[in-house]
Structure formats: C-alpha cells, structure tokens
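Asker: okay, sequence plus prediction incoming.
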Amino acid sequence: MADFYEDTIAAAATAMTPSGIGIVRISGKDAFSVADRVYRGATNKKLADQRGNTIHYGFIVDQGQLVDEVLVMLMKAPHSYTGENTVEIDCHGSVLAMKKVLDAVLKSGARPAEQGEFTKRAFLNGRLDLSQAEAVMDVISAKNDYALKNALSQMSGSVARSIREIREKLIYEIAYIESALDDPEQISLTGYSDSLNRVIGEQKKKLEKLLSTFDQGKMIREGIKTVILGKPNSGKSSLMNLLVGKEKAIVTEIAGTTRDVLEENINIQGITLQILDTAGIRETSNIVEQIGIEHAKSHASNADLILYVVDSSIPLDDNDSQILDIIRNKKTIILLNKNDLVPKVTGTMLEKLTQFPVISISAKNNIGIDRLEELIKTLFFQGDIAFNNDIYITNIRHKKILEIALEKLIFVENSIAKKMSEDFYSIDLMGAYEALGSILGESLGEDLINEIFSKFCTGK
C-alpha cells in the first residue's frame, strides 16, 4: 500500500463541463518530470529545474502534436496541498481540451487518481488531520453561507484544536496515574480522585457542549426540513411557488390538486430550507388522495419545521383539528393566509388555540414573507450564527465518537464514586483519549480511511 501512494497521480481538478478554464492536477515525486514530457515552453528550460510557486506559459504536446496553450503552476514539496511535488496545468475549459491534456499526462507516466486521493495524500502526509480533510468535502458541497463558513472553520482546524485540548488533559491524567502506580513511593495518589473528578467534570462539559451543537450543525449543513401543511386550497402550493421563486407546484381552484410531495431547496438569509409541499389534509374517499395525505403526515412527523397554512377566509373545522393533532409537539409557524379577504379566523384566535407564532400573509400578493424569514432564523439560530468562537459539529462520525468519549468519562466518574482502584480510571481515560484521536485520524483502519475518502470527487 505504501508503494501505491508513492507513485505519481493525475486527474482533472475541475468539472468535466464546458468552462473558461480547466485544471489538470499532477501530484507525486515524479510530477515535474511527468509534466516535462508534455510541456513545451518558450525556452528549453525544464520545469524540474524551476523554483516552486512559479507559473510558466507554454503548450502541451502529445507525441509531437499540439494539444493546448496553457499556464503551468509549480509547487514543490512540502509546500503544496498534498505535501508532494505538484503541478497544475491551466488549460482551456472545453471538455475535449481537458481530456486531451489529461490523456497526454497519463501517457507520460502518471496514473489516474482515485476518488479523493489528493486529499487522502494530504492527510497521509500530515498536511491535514482527518477532521480537516472531511471539512474539505463540506466546503465543496456547502449549500449556503453558514455551511460554507462552518466548513472553512473546521478546515482551518477549529474541531481539531478543541479535541486536542481535551486529549491533552486526559493524557496528563493517564500519565500521572501510570507513574504513580509504577512508583508509589515518589508519587502519591492520596486525594487524587477528587482532583481527577474535577478534571473529568470540566472535560465532560466540553464534550456535552460540542454534542449540543449537532442538531443545529446538521441543519446548517443539510438544511431545515420544512413541511408545508394545511387543508386543500389554503394556499400551500402558492406559498411553495413564492418561496421557490418559480411555478414548482400546480395552483388551481380544484381542491386536492396536490397529491404527491413536491420538494425543493431554497436559501433564505444564508439558511437552507428543504421545502416539502404536501397534499391538503382532509377526509376523502379518493384512494390516490388518501395516499398523498398519508405521505404528508409521514413527512410532518420527521420535519424540523412545520409551516401550517390556514385560509383566514373560512372557519376552522375538523380537518384543522386533525392537523393540530399532527403538529402538537413539532416546531411550527402558523401562516394566516389570504389576509386580503374578509377574515373568519384571526391571529389572536390561533395564538390562544395553539401557542404557536402566527404570521399574517398573502401568498398571492407576497405579503408577510420577510417576517417569516426572520422568524425562522430566530427560532433555529437565535437570530444569528457566529463562527468566531463557536464550533458546530456537522459530521455524524464525529458525533458518535464524542458520545463514546463522553460515555468513557462517565465510567470514570462512576469508578471514582465507587472508590475503585486507580487503574480502572486509567483504562476508561485511555478509551476516551483514543476515541477522540480517531476524529483526528489516529489509530484508524485502512478500510475506514478508504471509505471516508471514497465520498470525495476524483479531482479532490
């Protein structure tokens, strides 16, 4: 396996779609000599003889045939993304040009890179720890401003620094216990359990704080699953179209038009919403509509947010009672729609009945939507999200590891309470220490590392 990662690899680092510029990346100990076999500059100087962090103008040739006019960027180890000699060829961005440049490079001694192999090499070469490497993919797949900021924060090492601080405290205590057990005449453990208990309490709070951010972090990364509920013709589909900014849902005067669940991602004030428009909730004998209503109820049960659309121009009825049962324990905003018509239902009535916040809107006339956006931001993020000092855990792998480490520290507390031998403390402290190390990529099996990087795109 070591030999496999010592050879030279190449791949397109930009998407194989028409664009102004395409980039072909080469990385490995022979990157410069591979590039020299296909590059022709204005002079006969070899790229391998040039300084790092320089750019050179010339052409790519394949078996004497001109392929493209290019700029070539040189980065010498260890001052590159992968920590290896790296060459990036900036060519014209047509699919054919990129393919021909890459083919020429592969013929000249490089092999095709695996998915995520450039970042994997950065990890294996110590340029990134595993939490930073995983954040690279989050940067690439970020759906909104907050997701991008959080991913960049993690890529700069925010999670790693927090984990290392906890591990430093734990390894000090492990070393103290082991030293005391080896040399009890010089190092006393009298009263040590009280001191250790304080340290464990402090580290538990840090782990609990990190874990408490996961729900918000998940919504930052993936979006807030938002289900629109209401009776038929309450204006759900009109609201969907207004939020999405296009005619996503069919709007008619015929009740029950929406049968299937319609889904769309939108960004509001830097937050992603996974909007789902569902079938209107009512009693019906139509089997297709019944299926749609069951789907609506199922999605509502798993929603982060319910937007309950009420037609203010008609009285509440048994169908509304059914909806209120569905949303009883869910985070909900009631949208009192059609405020341009004579009201039969008021916001005061709904607030007394439900205790949910109520916003008067007109989906038809685009009234009240700005208040909805502000309320969503306040409900989920207390009005703002700052990344100066805050860390949001977004990775389920990290969450599971933090839970394991927390459990180990609870075991230590229990052992102290039971006045057990100090070597029991050491075992669980080491368990927490090693678990946290796996967030950084220490003591991980090759299969798990391969699985993590297999989720990356080929050029990264």
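Answerer: Thanks, I have it.
Asker: contacts for whichever strand or helix holds K399, please.
Answerer: Taking DSSP states H and E as the definition, K399 sits inside helix 396-417. With CB atoms under 8 Å, 6 or more residues apart in numbering as the test, helix 396-417 has contacts from 131, 134, 159, 166, 193, 196-197, 200-201, 203-204, 207-208, 210-211, 214, 393, 424-425, 428-429, 431-432, 435-436, 438-439, 452. C-betas here are computed from N, CA, C, even on glycine.
Asker: again, only using 6 Å
Answerer: Residues outside helix 396-417 that contact it (CB atoms under 6 Å, 6 or more residues apart in numbering) are 193, 197, 200, 204, 207, 210-211, 214, 393, 424-425, 428, 431-432, 435-436, 438-439.
Asker: and that helix, how far from the chain's centre?
Answerer: Remark: helix 396-417 is offset 24 Å from the chain centroid, using CA atoms, centre = their mean, to the nearest Å.
Asker: what residues sit buried inside it?
Answerer: The neighbour-count check on helix 396-417 (16 or more other CB atoms under 10 Å) flags 398-399, 401-402, 405-406, 408-409, 411-413, 415-416 as buried.
Asker: could you dump the residues you listed to a markdown table with distance to V38 and pLDDT?
Answerer: Output for the buried residues of helix 396-417, formatted as a markdown table (distance: CB to CB, whole Å; pLDDT from 0 to 100):
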| residue | distance to V38 | pLDDT |
| --- | --- | --- |
| H398 | 42 | 95 |
| K399 | 46 | 96 |
| I401 | 44 | 96 |
| L402 | 48 | 97 |
| A405 | 49 | 97 |
| L406 | 53 | 97 |
| K408 | 54 | 97 |
| L409 | 56 | 97 |
| F411 | 59 | 96 |
| V412 | 59 | 95 |
| E413 | 63 | 95 |
| S415 | 64 | 94 |
| I416 | 65 | 93 |
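Asker: out of these, who's nearest I228?
Answerer: Checking the buried residues of helix 396-417 against I228 with CB to CB, the nearest one is K399 at 29.1 Å.
Asker: just the CA atoms of the worst-scoring helix or strand of the chain on mean pLDDT, as CSV, please.
Answerer: Across the helices and strands of the chain, mean confidence by mean pLDDT, DSSP states H and E is lowest for helix 446-453: a mean of 72. Extracted C-alpha coordinates of helix 446-453, given in CSV (Å, rounded to 0.1, in the frame of the first residue of the first chain):
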residue,chain,number,x,y,z
GLU,A,446,-7.3,1.5,6.3
ASP,A,447,-10.8,0.4,5.3
LEU,A,448,-12.4,3.2,7.2
ILE,A,449,-10.0,5.8,5.8
ASN,A,450,-10.7,4.5,2.2
GLU,A,451,-14.4,4.7,2.9
ILE,A,452,-14.2,8.3,4.0
PHE,A,453,-12.2,9.4,1.0
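Asker: narrow the contacts of helix 396-417 to those in helices?
Answerer: Mapping those onto helices (DSSP state H) picks out 193, 197, 200, 204, 207, 210-211, 214, 424-425, 428, 431-432, 435-436, 438-439.
Asker: just the buried ones from the residues you listed?
Answerer: 193, 200, 204, 207, 210-211, 214, 424-425, 428, 431-432, 435-436, 438-439.
Asker: tell me which two of those residues sit farthest apart.
Answerer: The most widely separated members of these are S193 and F214, with 31.5 Å between them, by CB to CB.
Asker: show me what the top strand by length along the chain is in contact with.
Answerer: As assigned by DSSP state E, the longest strand anywhere in the chain is strand 65-75. Outside strand 65-75, the residues that touch it by CB under 6 Å, 6+ apart are 39, 50, 52, 54-57, 59-60, 86, 88-92, 97, 100-101, 104.
Asker: quick one: mean pLDDT over it.
Answerer: Mean pLDDT, strand 65-75: 96.
Asker: what pairs with it, and is each one parallel or antiparallel?
Answerer: Note on strand 65-75: by DSSP bridges, its sheet partners are strand 54-62 (antiparallel), strand 86-92 (antiparallel).
Asker: can you list these in JSON lines and add mean pLDDT and mean neighbour count?
Answerer: Listed next are the strands paired with strand 65-75 as JSON lines, based on pLDDT from 0 to 100; neighbours: other CB atoms under 10 Å:
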{"stretch": "strand 54-62", "mean pLDDT": "95", "mean neighbour count": "16"}
{"stretch": "strand 86-92", "mean pLDDT": "97", "mean neighbour count": "23"}
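Asker: need those strands in a markdown table (columns: distance to A175).
Answerer: Listed next are the strands paired with strand 65-75 as a markdown table, based on distance: least, CB to CB, whole Å:
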| stretch | distance to A175 |
| --- | --- |
| strand 54-62 | 47 |
| strand 86-92 | 39 |
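Asker: returning to that earlier point: export the longest strand of the chain as CSV, just CAs?
Answerer: Extracted as CSV, the C-alpha positions of strand 65-75 are listed here (Å, rounded to 0.1, in the frame of the first residue of the first chain):
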residue,chain,number,x,y,z
GLN,A,65,1.1,17.2,-31.8
LEU,A,66,0.0,20.5,-30.2
VAL,A,67,-2.8,19.9,-27.7
ASP,A,68,-3.4,23.2,-26.0
GLU,A,69,-2.0,26.6,-24.9
VAL,A,70,-1.5,26.5,-21.1
LEU,A,71,-0.2,28.1,-17.9
VAL,A,72,1.6,25.6,-15.6
MET,A,73,1.9,26.2,-11.9
LEU,A,74,4.7,24.5,-9.9
MET,A,75,4.5,23.7,-6.2
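Asker: list the buried residues in it.
Answerer: Buried-residue list, strand 65-75, by 16+ other CB under 10 Å: 67-68, 70, 72-75.
Asker: low-confidence regions, the chain specifically.
Answerer: For the chain, applying pLDDT under 70 flags the ranges 1-5, 246-261, 381-389, 443-445, 448, 455-456.
Asker: could you pick out the longest helix of it?
Answerer: The chain, longest helix under DSSP H: helix 158-182.
Asker: would you map the strands across this structure?
Answerer: Using DSSP E, the strands of the chain run over 9-12, 21-27, 39-41, 54-62, 65-75, 86-92, 111-112, 224-230, 262-268, 271-277, 305-311, 332-337, 358-360.
Asker: quick one: which of those is nearest A296?
Answerer: strand 224-230 (6.5 Å).
Asker: still on that earlier bit, out of the buried residues of helix 396-417, the closest to I275 would be?
Answerer: The closest of the buried residues of helix 396-417 to I275 turns out to be K399 (CB to CB; 25.7 Å).
Asker: how close does the closest one get to A11?
Answerer: K399 is 31 Å from A11, where distance means CB to CB, to the nearest Å.
Asker: just give the closest residue to T213, not the sequence neighbours.
Answerer: Nearest residue to T213 in three dimensions, chain neighbours excluded: Y392, at 4.6 Å (CB to CB, 6 or more residues apart in numbering).
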